[in-house]
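Novice: Here is a sequence together with a model predicted from it:
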Amino acid sequence: AAGALAGVGLFFVQREEGAGGALACVVDEIIRGGSAEAEGSIQVGDVLLEVDGVAVEGRDLTEIRQMIIGEPGSTVSLAFLAPGGGRDAVTLPRALPSKPCLLPA
C-alpha cells in the first residue's frame, strides 16, 4: 500500500501575468514548520517556474501539486522568479505536515 504523500509547505494561487494573460503559479502562503519555511529563501509572491526541471506554465494547480508532492523524505527541485526579477532554484525535502499544536501566546 502506498504511504501518505508529502509536500514542502507551500500554498499557491494562479493569476494572469503579462500581456498574454498566461496563468502564473504564485506562492500565496508559506506553512509554518514546512521545509519551504525552513529553507528561508522562498517568499510570498514568488512565481513558480519549474518543478524538477519541468516548466509549469500553462498547467493547472492540481497538476502542479501532483508534480510537487511525493514520498516523505524524497526531494523536489523548484525554480522561482522573485517579484524583483531574480531567479532562484531550491531543492526541498518533502515532509508530512506536523501535527498542530497549541503554543502559548
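Specialist: Here it is on my side, so go on.
Novice: from here on, contacts and neighbour counts on C-alpha atoms
Specialist: Noted.
Novice: Regarding this protein, what is its longest helix?
Specialist: Counting by DSSP state H, the longest helix found in the chain is helix 61-68.
Novice: okay, it in CSV with CA atoms only?
Specialist: Provided in CSV are the C-alpha atoms of helix 61-68 (Å, rounded to 0.1, in the frame of the first residue of the first chain):
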residue,chain,number,x,y,z
LEU,A,61,-2.8,24.0,-9.8
THR,A,62,-4.0,20.4,-9.3
GLU,A,63,-1.4,19.1,-11.9
ILE,A,64,1.4,21.3,-10.4
ARG,A,65,0.6,20.0,-6.9
GLN,A,66,0.9,16.4,-8.2
MET,A,67,4.3,17.3,-9.5
ILE,A,68,5.5,18.7,-6.2
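Novice: buried stuff in whichever helix or strand comes after that helix?
Specialist: Sequence order places strand 75-81 as the next helix or strand after helix 61-68, per DSSP states H and E. By neighbour count on 16 or more other Cα atoms under 10 Å, the buried set for strand 75-81 is 75-76, 78-81.
Novice: same thing with stretch 87-98?
Specialist: Under the neighbour-count criterion of 16+ other Cα under 10 Å, stretch 87-98 has 89-96 buried.
Novice: One more: stretch 61-80?
Specialist: For stretch 61-80, using 16+ other Cα under 10 Å, the buried residues are 61, 64, 67-72, 75-76, 78-80.
Novice: Now render the residues you listed as JSON lines, adding distance to Leu23 and pLDDT.
Specialist: As requested, these are exported to JSON lines (distance: Cα to Cα, whole Å; pLDDT from 0 to 100):
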{"residue": "Leu61", "distance to Leu23": "10", "pLDDT": "93"}
{"residue": "Ile64", "distance to Leu23": "12", "pLDDT": "95"}
{"residue": "Met67", "distance to Leu23": "17", "pLDDT": "96"}
{"residue": "Ile68", "distance to Leu23": "18", "pLDDT": "96"}
{"residue": "Ile69", "distance to Leu23": "21", "pLDDT": "95"}
{"residue": "Gly70", "distance to Leu23": "24", "pLDDT": "95"}
{"residue": "Glu71", "distance to Leu23": "28", "pLDDT": "94"}
{"residue": "Pro72", "distance to Leu23": "29", "pLDDT": "92"}
{"residue": "Thr75", "distance to Leu23": "26", "pLDDT": "97"}
{"residue": "Val76", "distance to Leu23": "22", "pLDDT": "97"}
{"residue": "Leu78", "distance to Leu23": "17", "pLDDT": "97"}
{"residue": "Ala79", "distance to Leu23": "16", "pLDDT": "97"}
{"residue": "Phe80", "distance to Leu23": "15", "pLDDT": "96"}
